[in-house]
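>>> fold the following.
(chains A and B)
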Number of protein chains: 2
Amino acid sequence: MRRAAVLGAERAAAAAPLLRAQLRGTAGHPMATIPPPQALLRPLAVPQRLLLGPGPSNVPPRILAAGGQQLLGHMHPEMLQVMDEIKAGIQYAFQTRNRLTLAVSGTGHCAMEAALLNLLERGDTVLVAINGIWGQRAADIAGRLGAEVRELLKPPGEYFTLRDIQEGLARHKPSVLFITHGESSTGVLQPLEGLGELCHRHGCLLLVDAVASLGGAPILMDQQGEKIDVLYSGSQKVLSAPPGSAPISFSERAREKMLRRKTKPPSFYLDMGCLANYWGCNDKPRMYHHTAPINSFFSLREGLAMLAEMGLESLWERHRANCTLLCQELRELGLELFVKEEVARLPTITTVRVPEGYVWQEITAFLMKEHGLEIAGGLGPSVGKVLRIGLMGYNSTKDNVDRVLGALRDALQSCRRSRL
Amino acid sequence: MRRAAVLGAERAAAAAPLLRAQLRGTAGHPMATIPPPQALLRPLAVPQRLLLGPGPSNVPPRILAAGGQQLLGHMHPEMLQVMDEIKAGIQYAFQTRNRLTLAVSGTGHCAMEAALLNLLERGDTVLVAINGIWGQRAADIAGRLGAEVRELLKPPGEYFTLRDIQEGLARHKPSVLFITHGESSTGVLQPLEGLGELCHRHGCLLLVDAVASLGGAPILMDQQGEKIDVLYSGSQKVLSAPPGSAPISFSERAREKMLRRKTKPPSFYLDMGCLANYWGCNDKPRMYHHTAPINSFFSLREGLAMLAEMGLESLWERHRANCTLLCQELRELGLELFVKEEVARLPTITTVRVPEGYVWQEITAFLMKEHGLEIAGGLGPSVGKVLRIGLMGYNSTKDNVDRVLGALRDALQSCRRSRL
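Okay, the predicted model is just below:
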């Protein structure tokens, strides 16, 4: 083998027999013995689907085109400018002036880990509000990080009151509270007013997951009372970009806790100190940290541009109106909404109970097969209980409300089971 | 505010004043007070560049088109099939039959972390071979994970002999050895023959970084003697896909070490147990784990398809031939190659010493400005010492050798400094 001749003959002779393995073979390349897979020799075929599940949602042509642009280097000035624009776009979407605002090079889950692993050190107490899968997930991650995890539980479909939270804070004295704004597994929108103030009175930071809600329901990171310390989202929900990057922002209070760390975060890839430097969120010169997912950033930038053009208020209103219409028509179809109180319903993802006499998998399979349309069953604690219909970003339109209702009507006629 | 009415008036009255904050405001949405950033209202402009640095490299139109396809859901059967094809493509690229073979949802760095955090537990001893930035980086990450890090050092530009490694293994008795196959910061190709055998005799696993070398130089993961336990790469080098996904594979021996863990890995996003399940690498039914970067997987699939069509041997030969030509012409231009021994030169990235009488930043800036062409300076221990020229995948062509040489000739005439 070519690499085999790395050592001069002289040195090799002295080092034998240890180096013999390194030197075996002759000139020319070795042979690959595992053949190329046949499946890869056929062209990629991607069917067209209407994605009305809990995400990802369909991507508008303009964002697909942005993501299909030729690459730039990850340190080219034009790329750094794209990153600056992403930062400004996230500040607008989050309604924050936090300097430490950027996009993580991974999907929403990755941002959840980034938030937790930068905020928490081994032995820190974290209180996790669990009323669906995302709280469960955050508790799992915090446990892996060696934090003392305390859980505040609510049945799926319910939300936490300030009193619930206050009791939890007083009892467990956590340094961080994790709560989910848009519980996509249950369709619940968590009210946030007063939460930041309450947490801060208890010496605790407020960490909010807004993966499924950002852009679809009001969230004002810096607002007095609300005052969120760490907020993150994903690219593939209301922003209608492909999954692969995740907006995140840290308040000054959160930044100070991170500066007081005694140990480095257990990740280099997600270390906010390094990322702040790469994203120009401090006064130091920008420095290479990792090769960013360039095209994902192009798409995210375009999703944020569309948000900036449309304006948050009109996007919130669009989601509210289409969700209200959907809920009304679902009820007229005889379906029961899973979340009782109207104002606690997530405008991006609507959950209905699986109607009696039906198997949920048959409904979702029918919609996919006959209508090329995705809605989803439950997830985690809501599995088997609900169907989930997403109307997010580009997909939140009256036409899509009509399409999903027509398809559901068809499914309810075709999938009814005789009682066993 | 809309969310403010979450509680019924009855309950609210009982809970006052605590809930007052939650209830303030009237009907309708709150106002966004931070305006949309002006920069996002201008269209995205991406200049065309010839990327002949150490990566990312230019992406062929066919791969850009694959990445620009409309989305599928992350659990749709067609998506799972794309993932199966990626797995088969990586098995071919790595020349391995390992079942635990998949792509991580992040860039090459993320795969480095995935390898280390799944293999290592707190207190494990890891020996890191450092002859450039990637060893430094791996040592940093392993330290963050609480491992006992031992370093085996070589000056930048040199590689490790089997004797070096054997001495290190005997002295430090590590459970994992980290070594870089293609040191992109220095341009060194590390010989691997005999290394796996040697590590296994010392009860140690062999972990190899092939981000910059995969497809450009032979690597046979399963080959007797070589027998690598964990191998990873990136999408944006020879595979010529955008950055955002990273191939990785684990031997049975590595899998057994992971099964013996006493603690969960400190990441959910990168937990190989969960990922194996999601990727169908075990006998359990496939389960949702996280929302994968769908479009990055489309592009990676296409990069692997092009590799399968071309064949590893001809890709290796193409990189060898173009690198040899480049080195020859660089020498004729009077430049000095940084890596002395021909066989230790990485065929994907060539390093030349910064010529005397020149400032390296002036040369790279000149090439970018006058020729729209990227080459890079050094990185980590090679900063200020070298220029790095990458010819990878789609960019490894004789035309590009001619272009970069023509541009360099121009730069050497234009950038000479008068002695200070």
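
>>> tell me the secondary structure at residue A:410.
With DSSP: H, G, I helix; E, B strand; the rest coil as the basis, residue A:410 sits in helix.

>>> how about it: what's its closest non-neighbour residue?
Nearest residue to residue A:410, sequence neighbours excluded (Cβ to Cβ, 6 or more residues apart in numbering or on different chains): residue A:370, at 6.8 Å. The C-beta positions use only the backbone N, C-alpha and C, and glycine is treated the same way.

>>> next one: that neighbour from chain B, what distance?
Remark: distance between residue A:370 and chain B (Cβ to the nearest Cβ, to the nearest Å) = 15 Å.

>>> now swap in residue A:69 and tell me
For residue A:69, the distance to chain B equals 4 Å [Cβ to the nearest Cβ].

>>> element containing that residue, please.
Here residue A:69 sits in a region with no helix or strand, counting by DSSP states H and E.

>>> confidence score at the residue lying closest to it once chain neighbours are set aside?
Distances taken as Cβ to Cβ, 6+ apart put residue B:46 closest to residue A:69, at 4.5 Å, once the chain neighbours are dropped. pLDDT, residue B:46: 95.

>>> what does residue A:416 give?
pLDDT recorded at residue A:416 is 87.

>>> in the longest helix anywhere in chain A, what counts as buried?
Longest helix in chain A, counting residues (DSSP state H): helix A:312-332. Buried residues in helix A:312-332, counted by 16 or more other Cβ atoms under 10 Å in any protein chain shown: A:312, A:315, A:316, A:318, A:319, A:320, A:322, A:323, A:326, A:327, A:329, A:330.

>>> any chance of those residues in a markdown table, plus pLDDT?
Below are those laid out as a markdown table (pLDDT from 0 to 100):
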| residue | pLDDT |
| --- | --- |
| A:312 | 97 |
| A:315 | 97 |
| A:316 | 97 |
| A:318 | 98 |
| A:319 | 98 |
| A:320 | 97 |
| A:322 | 98 |
| A:323 | 98 |
| A:326 | 98 |
| A:327 | 98 |
| A:329 | 98 |
| A:330 | 98 |
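
>>> run through these and flag the ones next to chain B.
Within the set of the buried residues of helix A:312-332, contact with chain B (Cβ under 8 Å from any Cβ of the partner chain) is found for A:312, A:316, A:320.

>>> which element is the residue in the stretch 301-420 of chain A positioned nearest to chain B on?
Nearest residue of the stretch 301-420 of chain A to chain B, counting by Cβ to the nearest Cβ: residue A:308, 3.5 Å away. Under the criterion of DSSP H and E, residue A:308 resides in helix A:294-310.

>>> I'd like the mean pLDDT over that helix, please.
97.

>>> packing partners of it?
Under the contact definition 3 or more Cβ pairs under 8 Å, 6 or more residues apart in numbering or on different chains; DSSP states H and E, helix A:294-310 sits against helix A:61-67, helix A:77-94, helix B:294-310.

>>> let's have these in a markdown table, adding distance to residue A:249 and mean neighbour count.
Formatted as a markdown table, these follow (distance: least, Cβ to Cβ, whole Å; neighbours: other Cβ atoms under 10 Å in any protein chain shown):
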| stretch | distance to residue A:249 | mean neighbour count |
| --- | --- | --- |
| helix A:61-67 | 22 | 20 |
| helix A:77-94 | 5 | 21 |
| helix B:294-310 | 24 | 25 |
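
>>> would JSON lines of those with distance to residue A:29 be doable?
Shown next, in JSON lines, are the helices and strands packed on helix A:294-310 (distance: least, Cβ to Cβ, whole Å):
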{"stretch": "helix A:61-67", "distance to residue A:29": "36"}
{"stretch": "helix A:77-94", "distance to residue A:29": "36"}
{"stretch": "helix B:294-310", "distance to residue A:29": "14"}
